[in-house]
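1. have a look at this prediction, sequence included:
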Amino acid sequence: MSRTAFRSTLDRAIRRSSRGIAPSACRYQSTSTSSSSSVPAVKDNELAKVIRDTIRATGPIPLSRYMQFCLSHPIHGYYQKSDVFGEKGDFITSPEISQIFGELVAIWFLTRWMEVDSPTRVRIVELGPGRGTLMDDILRTLFNFPGITSAIKSIHLVENSEYLRKVQNDKISRRIEDKEVELSWNTGINEIPEADDTYTLFVAHEFFDAMPINTFEKTDMGWREVQVDNDPMHGNGLSTQTSKSGLRLSISPSPTALSTVLPASSPRFAKLSTGSRIEVSQDSFKIMRRIGELLGKGKGGCGVVVDYGGDRSYGQSFRAFKGHKIVDVFDDPGNADLTANVDFAYLRESLAGTGTSALGPISQASFLLSLGLQPRLRKLIDSASTEERKEDIRKSAQRLIDPLGMGGQYQVMGISSGEMTEEIYPFISPKKESKVLKP
């Protein structure tokens, strides 16, 4: 669809849609890790005890298992606790900062749906819906258009936290209470069935950054796994950088089952030099491939993945967030969010043979500005009742597109069913200037 068509659709949407904006702090602030000495010592961390006992019994564990302990332990896991989002939590996301984010994602969905002759059955799938804010904004925007409103039949939310499911239900149920739309939850993407008669809209915002990773180092003897081990100095009265929880990183002296498989999963990794490290998320690969299978069959579909990372692999991006600050990953297991940069090239590789095409990635700033952030911002500012409110709206929108912050650090990858025969807006390659001298 052309830029002109996007503008026409956007103009109709911005006249009908409105929601409040909450100025808050950004989740992703830096790629550097703060010094462990700046964080108060944590005493008697129950989850750390569980992990140390596991290591004593079975030996060092993969980073992926450590992340699963910290994020998903049924009692001490981070996501089993109360609301971790917003000012009172440990991070805040783009949809919580400004309604414009979700509105423009909805506009892209709308234009893709129109481009494929407006299928009469549509479902929306979201991975990791958080508070439900993004889905609520998407629905509010789409419901301004009768055609797609009547086509939306179901919403599938992939969420494990019972607490967050309740929060999501409270918000989204109100949005669809007068609509014939089924709202359901799934614990994994594999639970969502294929639907030959339905067009699928898919979104994953800050989902893949929380997927468990495994880290490997390339040595003269081949790939070796970086594992989590007990710190031998812990409990001996000696102070070390990792003794807060008694855990540390170590390199396996011999190949592991994972080190023989995962570094071979992408041809890019073989080209790295000795001493290089890579972070590989096999769960991300499997989930993304399943998404491709869902979108590549039947009526097809489209989707967007928004996360921080880049179109390359990373080796040392694993970090923890607590109280809107970066802390050491071993400081307080289970009480901090663990995250790593997303390798978008790896996600793209996972889609091979699924009947879908990957678009981009492009920066969040490029995505939002191309889809009409500025005209929508002007509309919201004009509608604000006070100067203070106008300034809050302006600052919130600016945070989304700041090239040194979220605008540059977050990337957007699109997915579209079918083989891409032409570029899809706004995932358009920059035009190269001709080197031919004009007379």
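-> Perfect, I can see it now. These numbers were taken from a predicted model, which means no experiment stands behind them. Residues are numbered from 1 along each chain as shown.

2. not counting the helix or strand where Leu368 lies itself, show me its contacts.
-> For Leu368, the host element (DSSP states H and E) is helix 364-370. By C-beta atoms under 8 Å, 6 or more residues apart in numbering, the residues outside helix 364-370 that reach it are 3, 6, 94, 100-101, 104, 306, 400-403, 406-412, 425-426. All C-beta atoms are positioned from the backbone trio N, CA, C, and that covers glycine.

3. now that we have those residues, which of them are buried?
-> Buried by 16 or more other C-beta atoms under 10 Å: 6, 94, 100-101, 104, 306, 400-401, 406-407, 409-412, 425-426, out of the contacts of helix 364-370.

4. what stretches of the stretch 201-350 of the chain score poorly on pLDDT?
-> The stretch 201-350 of the chain contains residues with pLDDT under 70 at 235-243.

5. now do the helices in it.
-> 267-270, 282-295, 344-350 (DSSP state H, counting those that start in this stretch).

6. export these as TSV, with columns for mean neighbour count and distance to Ile138.
-> TSV is the format used below for the helices of the stretch 201-350 of the chain (neighbours: other C-beta atoms under 10 Å; distance: least, C-beta to C-beta, whole Å):
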stretch	mean neighbour count	distance to Ile138
helix 267-270	12	33
helix 282-295	22	17
helix 344-350	22	21
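
7. identify whichever of those lies nearest to Cys302.
-> helix 282-295 (6.9 Å; C-beta to C-beta).

8. how about the closest one as CSV, C-alpha atoms only?
-> Extracted C-alpha coordinates of helix 282-295, given in CSV (Å, rounded to 0.1, in the frame of the first residue of the first chain):
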residue,chain,number,x,y,z
GLN,A,282,16.0,-21.5,20.9
ASP,A,283,12.5,-20.7,22.3
SER,A,284,12.4,-17.6,20.2
PHE,A,285,13.2,-19.5,17.1
LYS,A,286,10.5,-22.1,17.8
ILE,A,287,7.9,-19.6,18.7
MET,A,288,8.6,-17.4,15.7
ARG,A,289,8.5,-20.4,13.4
ARG,A,290,5.1,-21.4,14.7
ILE,A,291,3.9,-17.8,14.1
GLY,A,292,5.0,-18.1,10.5
GLU,A,293,3.1,-21.4,10.2
LEU,A,294,-0.1,-19.7,11.5
LEU,A,295,0.2,-16.7,9.3
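
9. can you start the count at 44 instead of 1 from here on
-> In the new numbering, first residue 44, that becomes helix 325-338.

10. and that helix, what does it pack against?
-> Under the contact criterion of 3 or more C-beta pairs under 8 Å, 6 or more residues apart in numbering; DSSP states H and E, helix 325-338 touches strand 242-248, strand 344-353, helix 387-393, strand 453-460.

11. may I have the third one exported as PDB, CA atoms only?
-> If I follow you right, that is helix 387-393. Only the C-alpha atoms of helix 387-393 are listed here, as PDB (Å, rounded to 0.1, in the frame of the first residue of the first chain):
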ATOM      1  CA  PHE A 387      16.100 -10.100  14.600                       C
ATOM      2  CA  ALA A 388      18.200 -11.900  11.900                       C
ATOM      3  CA  TYR A 389      17.600 -15.100  13.900                       C
ATOM      4  CA  LEU A 390      13.900 -14.500  14.000                       C
ATOM      5  CA  ARG A 391      13.900 -13.900  10.200                       C
ATOM      6  CA  GLU A 392      15.800 -17.200   9.700                       C
ATOM      7  CA  SER A 393      13.200 -19.100  11.600                       C
END
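
12. any residues touching that helix, and which ones?
-> By C-beta under 8 Å, 6+ apart, helix 387-393 touches 251, 309, 311, 323-324, 327-329, 331-332, 335, 348, 352-356, 401, 403-404, 454, 456.

13. residues in contact with the closest residue to Phe312 other than its chain neighbours?
-> Spatial nearest neighbour of Phe312, excluding adjacent residues (C-beta to C-beta, 6 or more residues apart in numbering): Pro306 at 4.9 Å. Going by C-beta under 8 Å, 6+ apart, Pro306 touches Phe259, Lys261, Trp266, Phe312, Ala313, Ile321, Val323.
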